[in-house]
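# structure for the following, please:
(one chain, ligands or ions: 1)
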Amino acid sequence: MIAKTGIERAEYRNIWVIAELKSGEIHPVTHELIGAARGLADARNSEVWTVLIGAGASAGSGSLFAYGADTVIVVDDPRLNGFQDELEAKVLVRLIKKYKPEVVLCGATTRGRALIPRVAVAANCGLTADCTGLSIDPETGDLLQTRPAFGGNILATIRCPNHRPQMATVRPRVMKALEPDASRRGRIIRESILDMDTGKGKKIIEIFKSRETALNLSDAQIIVAGGRGMKGPEGFKLLKELASKVGGAVGASRAAVDAGWIPYAHQVGQTGQTVQAKLYIACGISGQIQHLVGMQSCETIVAIDKDPDTTMMQMADIAIIGDILEIIPEIISELDKL
Ligand SMILES: Cc1cc2nc3c(=O)[nH]c(=O)nc-3n(C[C@H](O)[C@H](O)[C@H](O)COP(=O)(O)OP(=O)(O)OC[C@H]3O[C@@H](n4cnc5c(N)ncnc54)[C@H](O)[C@@H]3O)c2cc1C
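Model (predicted):
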């Protein structure tokens with residue numbers, strides 16, 4: 001049992017990020033979480049540690065320092081080939097007991113969602129999933145974990161004062177990675193799989209590569225997104241035309257998806273994709289919290305709406321007031337002239 005209260009909390013130190021290897025490459029969410037961990041560790045005058053577990057993991061440690069890690073624990077073993085969540089969880093729990101981190105962060109990816117609840121249960125420390133904001137009380141080390149609650153109607157900030165480590169997951173593209181600094185160096189600790197970690201777990205017989213069916217909105221640099229204000233599928237044809245002219249992808253609010261105007265793969269928000277584009281053009285989207293949590297980290301937000309008082313229009317860097325079905329064709333014709 002790892003739960004700790006009172007004075008024993010002082011034994012727990014440093015902010016950990018559980019790295020994710022995807023086809024041998026470090027998943028970008030790892031760099032994003034290291035960026036978030038850096039701020040937390042600096043506030044606590046402690047270090048950022050990254051745990052990199054997998055077959056061939058040793059090769060990936062360098063970039064973790066560049067993005068802000070101070071120490072990387074590497075567990076590189078051929079038995080970790082594929083996704084061995086049971087084995088990885090056992091190794092992680094053992095490492096947590098040994099090194100006692102104050103906070104453990106993991107990406108809310110398919111892999112992270114399968115792995116980290118096992119660790120949280122074995123470590124008896126709870127888990128706040130899908131956080132949209134993280135900060136830390138510099139005095140107590142309590143992690144302030146903000147996430148949508150009650151169907152996204154409120155943002156709740158969760159604090160776990162009686163247990164260590166504190167564990168949270170964050171979806172890709174919610175946090176921002178730091179600019180990599182190739183000159184940064186750090187310490188590598190090599191750990192092994194022990195007999196106590198292995199057991200009668202599952203055996204992977206064959207790995208199939210999935211066909212990419214979902215639209216990869218999260219990598220798009222420009223997104224033209226439409227909501228109920230687009231009025232129907234015809235409105236989305238206009239958005240597709242605009243998106244193709246500016247080299248962007250089409251996003252949508254849930255209202256538009258639910259109405260059947262565009263497939264779910266385009267949905268942005270709490271129950272859709274999280275995006276971090278350089279430019280997000282919100283067309284006839286009012287800006288309900290469930291939509292905002294999926295796109296608020298975009299660099300520049302342009303909103304077009306007939307109502308100047310919507311949340312989206314108020315938060316936008318550029319707000320254009322007017323009828324969207326007139327404004328989009330005008331923008332397209334101006335682009336054609338260029
Ligand atoms: C559990 C849960 C999860 C959810 N998850 C998501 C999610 O992932 N993503 C998401 O988007 N929503 C989600 N929602 C739904 C969310 O609460 C809102 O209902 C939805 O985002 C509203 O979509 P909208 O902004 O397109 O529609 P509206 O709020 O109806 O806004 C339409 C906007 O269009 C403008 N407009 C209308 N006509 C025109 C015109 N001719 N010209 C210009 N402007 C015009 C209006 O002024 C208005 O601002 C979720 C809700 C729940 C309860």
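
# what's the burial count for Gly39?
When counting by other CB atoms under 10 Å, one arrives at 17 neighbours for Gly39. For glycine as for every other residue, the C-beta is placed from the backbone atoms N, C-alpha and C.

# quick one: strands adjacent to the lowest-mean-pLDDT helix or strand in the chain?
Lowest by mean pLDDT, DSSP states H and E among the helices and strands of the chain is strand 21-22, with a mean of 84. When pairs are called by DSSP bridges, strand 21-22 turns out to pair with strand 25-26 (antiparallel).

# ok, and what's touching the least confident helix or strand of the chain?
27, 52-54, 56-57, 60, 111 (CB atoms under 8 Å, 6 or more residues apart in numbering).

# which ones among those map onto helices?
Among those, DSSP state H puts Arg111 in helices.

# so which of the contacts of strand 21-22 sits lowest on pLDDT?
Lowest pLDDT within the contacts of strand 21-22 is found at Gly60 (80).

# give me the neighbour count for that one.
20.

# so it sits right up against Leu52, yeah?
Yes - shown here, Gly60 and Leu52 form a contact pair, counting by CB atoms under 8 Å, at 5.9 Å.

# give me the common contacts of those two.
Shared contacts of Gly60 and Leu52, counting by CB under 8 Å, 6+ apart, come down to 19, 21.

# excluding its backbone neighbours, what's nearest Ile222?
Gly248 (3.2 Å; CB to CB, 6 or more residues apart in numbering).

# which residues sit in contact with the one you found?
Applying CB under 8 Å, 6+ apart, the residues near Gly248 are 220-224, 242, 277, 279, 281.

# so where is this protein shaky, pLDDT-wise?
1-7, 151-152, 200-202, 209-215 (pLDDT under 70).

# could you rerun that using 50?
For the chain, the stretches with pLDDT under 50 are 1, 212-214.

# how about the helices in it?
28-44, 61-66, 85-99, 110-123, 233-246, 254-258, 289-295, 311-315, 324-337.

# the stretch 201-338 of the chain against the ligand: which residues are in contact?
Residues of the stretch 201-338 of the chain lying close to the ligand by CB under 6 Å from any ligand atom are 227-229, 253-256, 267, 269-272, 284-286, 288, 290-291, 294, 305-307, 310, 323-325.

# from those residues, list just the buried residues.
Among those, the ones that count as buried by 16 or more other CB atoms under 10 Å are 227-229, 253-256, 267, 269-270, 272, 284-286, 288, 290-291, 294, 305-306, 310, 324-325.
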